[in-house]
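S.K.: Sequence and predicted structure, then a few things I'm wondering about:
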Amino acid sequence: MKIMLKLTLLIPIFLFYSNLLNAQTFGGGNGTQNDPFRIYTIRHLQTLSEYVKYSPASWSYNKYFILMNNITDTVRFCIGATTADNPPYYGQGSFFGIFDGQGYFINVGIDSCQRVFDNMASHIALFPFARRSNNSPNGMIKNLVVNGYVNNGTGSARVTSGIVGQALSSIHISVPASTRNYKIINCINNANVTGNNTVAGIVGLALLLDVENCINLGVLTYIPSSNNHRVRIGGIIGATPLSSGTNTLTFSSMKQCINAGLIKYSESIYTPGSNSIGGLVGEILQPNIHDIIIENSVNYGVIEVQGLKHGGISGSE
């Protein structure tokens, strides 16, 4: 009985010091909606990255983060890392929380986002993976501005994007999209993005995503490589593929978005195969079944390509 009593007393003490530690590592707050973790410095962002990268995926479930000022120091790391799809690392490296930039900017200079388990980089962006799940149904990135550059060049990454590499929801498709889909809202990408597979201003791959009131002003450049990757470039979204491992459509949406950034393709090497370049969306995997809804969105950006399939709105037919 005495042992049980001691354990009962120790649990709230442990939770108290755990919350205190988090508050000290960030700029205050406890991660709740009413008292989010506050981010003032590049060190606070580094702390967030390390927690997401090395902790279990559940660490960021339902946690709230708020940017308190511009981050003018150049951020050369990703918030989290390219995730894994298999145990024991499933979901590790993904950001499941709610990040509110409050209209402030983060200055980035990102060249790689290494995975925890093999140091490979398949997705390069400020947030390589952002997810919403049944355990964290409010996952969202909003009111954020990104400046600088994200550059994969001729590296091995499959996705290069300004803000999010891949955004997805694993909430069952039977749940209404208004509460199911991942949200990216009121974000601006000013960063120049360079890659050799899927390249985008806001999000590289969108699976069950709603992107609203977002703007890309960054230059998007595709540089062919000897890997002969497919070309998918979109001012806002790179591609909307089917959900991995299923035959279920993604039903993503884009509303009130603008691309004003230049999209260009380096023609030093011709890339054969599937090529989709669009002012707003690069590839819509099954456009005849409407797996993405585009409303009140426009492309003002110039598309500099020759001999490749492209369109002002979408690169898909």
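M.R.: Nice, I can see it.

S.K.: What separation do you get for residue 200 and residue 172?
M.R.: 26 Å (C-beta to C-beta, to the nearest Å). Just so you know, the C-beta spots here come from the backbone N, C-alpha and C atoms, and that holds for glycine as well.

S.K.: who's more crowded, the two?
M.R.: Relative neighbour count places residue 200 above the other of residue 200 and residue 172, with 35 against 10, counting by other C-beta atoms under 10 Å.

S.K.: Now do the contacts for the closest residue to that one other than its chain neighbours.
M.R.: Nearest non-adjacent residue to residue 200, counting by C-beta to C-beta, 6 or more residues apart in numbering: residue 238, 3.6 Å away. Counting by C-beta atoms under 8 Å, 6 or more residues apart in numbering, residue 238 touches 159, 161, 198-200, 203-206, 232, 281-283.

S.K.: now do residue 79
M.R.: Applying C-beta under 8 Å, 6+ apart, the residues near residue 79 are 45, 48-49, 52, 95, 126-128.

S.K.: For residue 141, state which of those is nearest.
M.R.: residue 127 (6.5 Å; C-beta to C-beta).

S.K.: partners of the closest one in the sheet?
M.R.: residue 164 (DSSP bridges).

S.K.: same thing with residue 131?
M.R.: Applying DSSP bridges, one finds that residue 131 bridges with residue 168.

S.K.: ok, it - contacts?
M.R.: 91, 94-96, 139, 167-170, 182.

S.K.: out of the residues you listed, who has the most neighbours?
M.R.: The contacts of residue 131, ranked by neighbours (other C-beta under 10 Å): first place residue 167, 33 neighbours.

S.K.: I'd assumed residue 181 was in contact with it.
M.R.: No. Between residue 167 and residue 181 there is no contact under C-beta atoms under 8 Å: 9.1 Å.

S.K.: Give me the common contacts of the two.
M.R.: With C-beta under 8 Å, 6+ apart as the test, residue 167 and residue 181 both reach residue 209.

S.K.: taking the mean pLDDT, what do you get for the strand or helix carrying the residue nearest to residue 200?
M.R.: Here residue 238, judged by DSSP states H and E, is contained in strand 237-240. Strand 237-240 carries an average pLDDT of 90.

S.K.: What strands flank it, and is each parallel or antiparallel?
M.R.: strand 203-207 (parallel), strand 281-284 (parallel).

S.K.: can you give me the offset of the shortest one from its chain's centre?
M.R.: Think strand 281-284. 16 Å (C-alpha atoms, centre = their mean, to the nearest Å).

S.K.: Okay, buried residues for that strand please.
M.R.: 281-284 (16 or more other C-beta atoms under 10 Å).

S.K.: So which elements touch the very next helix or strand once past that strand?
M.R.: Per DSSP H and E, strand 281-284 leads on to strand 292-295 as the next helix or strand towards the C-terminus. Packed against strand 292-295 by the contact rule (3 or more C-beta pairs under 8 Å, 6 or more residues apart in numbering; DSSP states H and E) you find strand 252-255, strand 281-284.

S.K.: Can you check which of those gets nearest to residue 263?
M.R.: From those, taking C-beta to C-beta, the stretch that ends up closest is strand 281-284, at 9.1 Å.

S.K.: Contacts for the closest one next, please.
M.R.: 198-200, 231-234, 236-241, 254, 274, 276, 291-292, 294, 313-316.

S.K.: Let's verify residue 27: helix, strand, or coil?
M.R.: coil (DSSP: H, G, I helix; E, B strand; the rest coil).

S.K.: my read: it touches residue 35, true?
M.R.: No. The criterion here is C-beta under 8 Å, and residue 27 misses it with residue 35 at 11.9 Å.
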